[in-house]
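S.K.: How does the following fold in three dimensions:
(one chain, ligands or ions: 4)
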Amino acid sequence: MRASISEIFYSIQGEGLFCGVRQLFIRFSGCNLDCHYCDTRYSEKCRDYANGRELENPVSLDYVQKVIDSAKSIHSVSFTGGEPLLHANFIAGLEKTRTFYLESNMSLPEKARKLKHLDIIAGDLKVREALKAGYEEVYENTVRSFRILRDSDERVTFAKIVLPERFDFEDVMARAQGISDYVRCFILQPVFGSDVRNVLKLQEKMLELADTRVIPQVHKYLGVR
Ligand SMILES: C[S@@+](CC[C@H](N)C(=O)[O-])C[C@H]1O[C@@H](n2cnc3c(N)ncnc32)[C@H](O)[C@@H]1O
Ligand SMILES: Nc1nc2[nH]cc(C(=O)O)c2c(=O)[nH]1
Ligand code: SF4
Ligand SMILES: [Mg+2]
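M.R.: Ligands and ions are numbered 1, 2, ... in the order given. Next up, the predicted model:
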């Protein structure tokens, strides 16, 4: 089995509930959504910065397993992208020799079903303003994915809401309500560089619903990958 991987690198987790831990990142290429704020670009070849190599894509399962098993001093392995759920079979084919962390747009519930053994789920709840079209279908699939990968004794699941400067407060509250039973907490993540005044006002309202924290993309302020 093979998958198209854009980069492999060590860094601190710059976002969400585990901000600051040292992770090995596996960034898959390609995505099924097109968030207007997306900061991610993909490289043709796989740039393995962790091992100082550049490989042709697609990369083999065996190679990724070896990279994971030889990783030093990490809290966990973060599968991200692009959208890692597009590569659910590949991820499910890996032996979980480390804590596995999934960074996902949560829009593919049937793929999510294959990854119930993962330890940490950092799931996005996309706001209406993020997408050009098809929001209702994405949201319905997001609710299903969070229900499948819900927070439990064996799994830590939290929701990240990435927010532009202006958004529909009532709509975001209602969407968050729809998944609040499935997540440990909400992280409000400003679109990088945007004004955060409305994000702070949303936090005040959302605290009536659940533990809600405002955490920016710390790695960008530190100037690390
Ligand atoms: C690049 S995405 C990859 C994982 C998955 N496709 C997703 O969207 O959750 C990783 C995280 O970065 C966030 N993100 C992407 N571009 C951003 C930006 N310009 N400002 C803030 N967060 C951003 C996404 O919303 C997501 O939480
Ligand atoms: N340091 C660092 N932390 C991150 N957390 C989520 C990221 C992502 O692009 O998935 C990311 C990233 O790209 N870099
Ligand atoms: S789902 Fe994630 S990778 Fe895909 S466009 Fe949105 S932010 Fe970018
Ligand atoms: Mg990133």
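
S.K.: all strands of this protein, in order?
M.R.: In the chain, the strands defined using DSSP state E lie at 2-3, 5-12, 22-28, 46-48, 53-55, 59-60, 76-80, 100-104, 120-124, 156-163, 186-190, 212-214.

S.K.: Reformat the ones you listed into CSV and put mean pLDDT and mean neighbour count next to each item.
M.R.: No exception for glycine: its C-beta is placed from N, CA and C like everyone else's. Below are these laid out as CSV (pLDDT from 0 to 100; neighbours: other CB atoms under 10 Å):
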stretch, mean pLDDT, mean neighbour count
strand 2-3, 98, 18
strand 5-12, 98, 20
strand 22-28, 98, 22
strand 46-48, 98, 20
strand 53-55, 98, 13
strand 59-60, 98, 17
strand 76-80, 99, 23
strand 100-104, 99, 24
strand 120-124, 99, 24
strand 156-163, 99, 23
strand 186-190, 99, 22
strand 212-214, 98, 17
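
S.K.: can the ones you listed go into TSV with extra columns for distance to ligand 1?
M.R.: Converted to TSV, the strands of the chain look like this (distance: least, CB to the nearest ligand atom, whole Å):
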stretch	distance to ligand 1
strand 2-3	15
strand 5-12	11
strand 22-28	8
strand 46-48	16
strand 53-55	21
strand 59-60	18
strand 76-80	5
strand 100-104	4
strand 120-124	4
strand 156-163	4
strand 186-190	5
strand 212-214	12
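
S.K.: nearest to R144, of those?
M.R.: Evaluated over the strands of the chain, closeness to R144 peaks at strand 120-124, with 11.5 Å, by CB to CB.

S.K.: which strands and helices sit next to the closest one?
M.R.: strand 100-104, helix 135-148, strand 156-163 (3 or more CB pairs under 8 Å, 6 or more residues apart in numbering; DSSP states H and E).

S.K.: let's see it at 7 Å
M.R.: strand 100-104, strand 156-163 (3 or more CB pairs under 7 Å, 6 or more residues apart in numbering; DSSP states H and E).

S.K.: does the longest one come close to ligand 3?
M.R.: Going back to what we said before, that points to strand 156-163. No. Judged by CB under 6 Å from any ligand atom, strand 156-163 makes no contact with ligand 3; its nearest approach is 7.3 Å.

S.K.: Just want the angle from that strand to strand 120-124.
M.R.: 20 degrees (axes from the mean of the first three to the mean of the last three CA atoms, to 10 degrees).

S.K.: Could you confirm whether strand 156-163 reaches ligand 2?
M.R.: No. Judged by CB under 6 Å from any ligand atom, strand 156-163 makes no contact with ligand 2; its nearest approach is 8.9 Å.

S.K.: Flag every residue of the protein that's near ligand 1.
M.R.: Near ligand 1, when you scan the chain using CB under 6 Å from any ligand atom, you find 31, 37-40, 80-81, 83, 103-105, 124, 160, 162, 189, 191-192, 217.

S.K.: let's go with 5 Å and repeat that
M.R.: Neighbours of ligand 1 within the chain, by CB under 5 Å from any ligand atom: 37-40, 80-81, 83, 103, 105, 124, 160, 162, 191-192.
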